[in-house]
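Visitor: using only what follows, build the 3D model:
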Amino acid sequence: MAMELVPIGTILAVVTNQVIKTAQAAKDIVIEKESFKVLSKHLFDIEPVLKELQLRQLNDSQAARLALEALDADVKKANNLVEKYKNRGRFYLLVKCRHIVNEVQEVTRDIGRSLDAFSIVNTEILSGISDQVNRLQSEMQKVEFETSHSQLQIVDRLNQGLRDQKRDQGFANDILEEIARAVGVPVEPSEISKELASFRREIEEAGNRKERAEVFFLEQVIELLSQADAARDYEEMKKQYFQRAQVIERYDTQKEYIPPLKPFICRISGEVMDDPVSLCTGTTCERAAIEARFDHGMKTDPETGDVLEDTSLRSNHPLRQSIEEWRELNYCLKIRACQEKLSSGDDLKVVEALNQMQDLIRENSINKDWISIGGLTDSIISILGSSRNREVKKKILITLKDMVEGHARNKEKVIEQQGFDYIVPGLGRDPSISTAAVELLYELLQDRSKWNVCFCSQLSLQSSAILFLVTLLKGSVRESAEYAEKILNKLFDVDEENISRAAKSGWYYKPLIDRIVQGPESSRMSMLKALVTMELYDSNLKVLGEEGIIPPLFSMVASGNIELKELSLSVLVKLSSCRDNKELIAAAGGVPVVLNLMFTSHVTILIVKCSEIVDRLSSQGDGVKFFVDEKGVQLELEPIITHLLALQQNNNSSNNFRKPALRALLGICRSEARLVETAVVTANGISLVLPLLDDPDSEVREISVNLLFLFSQQESQGVVDYLLKPKRLESLMGFLENDCNIDVKMAAAGLLANLPKPEVSLTTKLIQLDVLPALINLLKSGTMEAKEQALSALFRFTDPADVESQRIVVEHGAYPLLVNFLKVGSITAKARSAALIANLSMSSPKLTVASERTGCWCFRTSRIPVCPAHGGICDISTSFCLLEANSLPYIVKLLHDKVEETAYEAIQTLSTLVQDGCPQRGALVLHEAKAIEPVLDVLTWGTDSLKDGALDLLEKVFVSKEMVDNYGTNARYLLVGLTGGNVHDDGRPMRKVAKVLSLLERYSKSSTSIIPGLF
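Guide: As a prediction, the model looks like this:
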């Protein structure tokens, strides 16, 4: 029926029904719901307009009919669009979402324009609702639809993957999962298969419509999505594999390849076809090959050359299936062959099998599953664990990576077969193996676009994994280091314990420090506890300091709770044992913080930790070097000394902080003599430290002895009074006899040396307590510094006024030791030994036994040789004679060494040989020992005090005319040079010079003095 014969009211009713029907259908579209929902709403809004027209007398003009027909046509287009996409596959709809939105937008605008035209010709009728109609048609003409951002992201990612020709299973898994979730399809093989089947039908329909570009695009999409795990039913794949495996059983075990049948070969390319299509002539070709032929204008049958009347192509599904079956049979043959080669035990055959496995995987991703189903995964994992061939191990690791890449089932298979047990050791091999191992490990831990937390946790249980990963991270192979860092960072996120394991295993402290600096309080606590329990060497501690851990630790000391303060201080205790870190602590302004907390806190554990830090800051001979503020300005030290001593006042104080405080006090006092005076005078240090000699803790007692040794240099009387009390000297003796700590023995000896010498009662008690054997033992076995202190202590017992104590010293074997020190001791030891010998030698004249002569005067002989210096019978034990001790040559050598300290004591010792009584004998001994010339030489280089001693000695020597004859001329010139020609100066040195010169002039053979006016 012609439209013009149909009443316009009837047409209006039909259009109205079409609008309602289309509006209702548009609501049910699952993809681009918002766009279709807007279309549906507008159509529903049009319904009352059309019904209003039905109630009125519609203008039956030609213009009205044309406008209504246009509206009807556009509504039908909308209905067709709805019908077109209503039952399409969800995957297809998502892939085409951008195109669909454009179609919906265009049809909505068309309806809006038709509505506008229709309302114009019915203006009078619609006057009551004109505003509503105008608004509606305006909105529809201006409508703009947009695909949802999330869907566009998926489509864009899919298109990018197609452009990049991504065919890996991991990408396929990710994109398929995103598409499925976006359209509400469960990621299950059965559901995915339905969607992919629907997608394939879309390809066929597009092919039938001869939409070649559309077919090409959709085929690319299906090829990519088919790689995903979820696109395959695993049980179906297993069934399919075993069916093929059963077929190949009839083939010889040596056979690895079945040649293709002739129908499988494309008539154009000569290759086995992938997508066979049939021409109208029945000839079958590869789709891509025949389409390329058509594009070049060759519309003929490639087999017969006949012109094709119809160029349409029909998919040859049966042939395609046959080709697939042929390929799958060959896959199974190769898998069987690989298994035999892997079982051969021949490394060359194993490598060959691995190469074939890689080829299979590249040829078709289904082989990832079939290789595993065929048992090859188990075999190569076993070989990985047992083989000693590096090339085989490397090849297995690479093959496993190909197998598990993007394949969840194979990853699970590798993990289930204890793959970590064999992969992790590979991380510690040479770079070629470790690189393959870490790349495989990284892939195993991936779960599509995320990490597999369960697998990461299992890897954490591998005791050596962290160590090897840290080693790779610090290695020279950049790619391996990057993979190792990514894995480590994830393991740290999974379990913070891995951070401490990394620090313990391979000195990798950055994550640990990052947690301490930026982590929540629980993480900070955990990391600090790990550091406290960790065994750290100096090199570790240095690295920690360099990585910047010290400033945040002090921040936590300043602002944290008590537990956080304690842990931070405990770590700082460790760090402060490294000298480099002491500088960093000082630079961070940490020393004032520690001292303030130490002296003001009432929390014992905090005082203990601060004391230990202060102790370490002052240790290793550093003293007060690091007691500065952040600008490097020296802190006020006197209050520090006072506070450290104050910590010793409370008898109930814990030795946990008393000991480190004492050690710190000792270190500080050793470095600054003026601080010893502060400790003794200002802080009453002696009275505070003396009681500690009785402390039950041996270390406290030993530190106290060392401190008292230093204090006794400033004020010794208080020490004497204390030692004279009952049992106190016995305690001191215990320190001298301490076989474990030589420093304590040295301090005890030094303490004795610093005590006043006139205290005869103290000396007597010391002798009674057998102090001398202990000192002699120290001279034999102590360090040189300890020996020096022991020599100083001996002065108390070698006082010339107490011959008896001198005798006891000699009887204990001190003399040979003193002589030996003249030869091999330090400068201080040589000087003190010479002085001690001088003390003993001063007693020699009165202890020398006069010799008895026998026979007539012309045949007199002496039974015992007479001492040339003392004129009687001498020996070491009775007269302490230095000549009998054979010490004179070594004393003379001290003068030749020209060291003031030893030269002075040497002159004093030589002077004991020319004491009043018979200096001529002694002078002759000095002459024969060639001692006088070096004494004269002292006048040319010695200090004033040294020259003064030399003049005293020369005054006694030149009493002998013989000595004047031998040395007078040289002595005169030296003495005159010493005076500068002016011997009439009233100064004491000049008087000595003048006196010696007068002796020289007295015995001069010449009557003329070289110094006018001297006589």
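Visitor: ranges for the helices of the stretch 651-800 of the chain?
Guide: Listed in chain order, the helices of the stretch 651-800 of the chain (DSSP state H, counting those that start in this stretch) span 655-671, 673-677, 685-689, 698-711, 717-723, 728-736, 742-754, 760-768, 771-781, 784-794.
Visitor: again with the stretch 201-350 of the chain
Guide: Assigned helices in the stretch 201-350 of the chain, in chain order: 212-225, 234-248, 287-295, 317-342, 347-363 (criterion: DSSP H, counting those that start in this stretch).
Visitor: neighbours around the residue nearest to residue 620 when sequence neighbours are not counted, how many?
Guide: In space, and not counting its chain neighbours, residue 620 is closest to residue 579: 6.3 Å by CB to CB, 6 or more residues apart in numbering. Backbone N, C-alpha and C define where each C-beta goes, glycine included. For residue 579, the number of neighbouring residues by other CB atoms under 10 Å comes to 16.
Visitor: if I read this right, residue 579 contacts residue 622, doesn't it?
Guide: Yes - counting by CB atoms under 8 Å, residue 622 is a contact partner of residue 579 at 7.4 Å.
Visitor: for residue 350, give me its contacts.
Guide: Residues in contact with residue 350 (CB atoms under 8 Å, 6 or more residues apart in numbering) are 341, 342, 344, 383, 387, 392, 395.
Visitor: chain neighbours aside, what residue packs nearest to the third one?
Guide: What it means is residue 344. Leaving aside its chain neighbours, residue 344 sits nearest to residue 350 (7.3 Å; criterion: CB to CB, 6+ apart).
Visitor: which of the helices and strands in this protein ranks last by mean pLDDT?
Guide: Evaluated with mean pLDDT, DSSP states H and E, the helix-and-strand set of the chain has its lowest mean pLDDT in strand 861-862, which scores a mean of 50.
Visitor: ok, back up a step: so how do I select the buried members of the contacts of residue 350 in ChimeraX?
Guide: The command below creates a ChimeraX selection of those among the contacts of residue 350 that count as buried (16 or more other CB atoms under 10 Å):
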select :341,342,383,387,392,395
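Visitor: so which of the contacts of residue 350 comes closest to residue 750?
Guide: Of all those, the one sitting nearest residue 750 is residue 387; the distance, using CB to CB, is 69.1 Å.
Visitor: pretty sure that closest one contacts residue 393?
Guide: Yes - contact between residue 387 and residue 393 holds when scored by CB under 8 Å: they sit 5.8 Å apart.
Visitor: now do the phi/psi pair for residue 873.
Guide: Backbone dihedrals for residue 873, given as degrees, to the nearest 10, come out at phi -90, psi 120.
Visitor: contacts for whichever strand or helix holds residue 498, please.
Guide: When elements are assigned from DSSP states H and E, residue 498 belongs to helix 497-506. In this structure, residues lying in contact with helix 497-506 by CB under 8 Å, 6+ apart are 460, 466-467, 469-471, 473-474, 488, 491-492, 508-509, 511-512, 515, 526-527, 530-531, 534-535.
Visitor: helix or strand next in line after it, which one?
Guide: Scanning forward in sequence from helix 497-506, with DSSP H and E defining helices and strands, the next element found is helix 510-518.
Visitor: show me what that next one packs onto, helices and strands only.
Guide: Helix 510-518 sits against helix 478-494, helix 497-506, helix 521-533, helix 550-559, with contacts defined as 3 or more CB pairs under 8 Å, 6 or more residues apart in numbering; DSSP states H and E.
Visitor: let me see the ranges of the helices in the stretch 901-1015 of the chain.
Guide: Under DSSP H, counting those that start in this stretch, the stretch 901-1015 of the chain gives helices at 919-928, 932-941, 944-957, 961-979, 988-1002.
Visitor: what's the closest of these to residue 377?
Guide: Shortest distance between residue 377 and these, using CB to CB, is found for helix 932-941: 91.5 Å.
Visitor: just checking, what packs against that closest one?
Guide: In this structure, helix 932-941 makes packing contacts with helix 888-897, helix 900-911, helix 919-928, helix 944-957, helix 961-979, judged by 3+ CB pairs under 8 Å, 6+ apart.
Visitor: in JSON lines, list the ones you listed along with distance to residue 426 and mean pLDDT.
Guide: Below are these laid out as JSON lines (distance: least, CB to CB, whole Å; pLDDT from 0 to 100):
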{"stretch": "helix 888-897", "distance to residue 426": "68", "mean pLDDT": "95"}
{"stretch": "helix 900-911", "distance to residue 426": "68", "mean pLDDT": "95"}
{"stretch": "helix 919-928", "distance to residue 426": "84", "mean pLDDT": "92"}
{"stretch": "helix 944-957", "distance to residue 426": "77", "mean pLDDT": "92"}
{"stretch": "helix 961-979", "distance to residue 426": "86", "mean pLDDT": "88"}
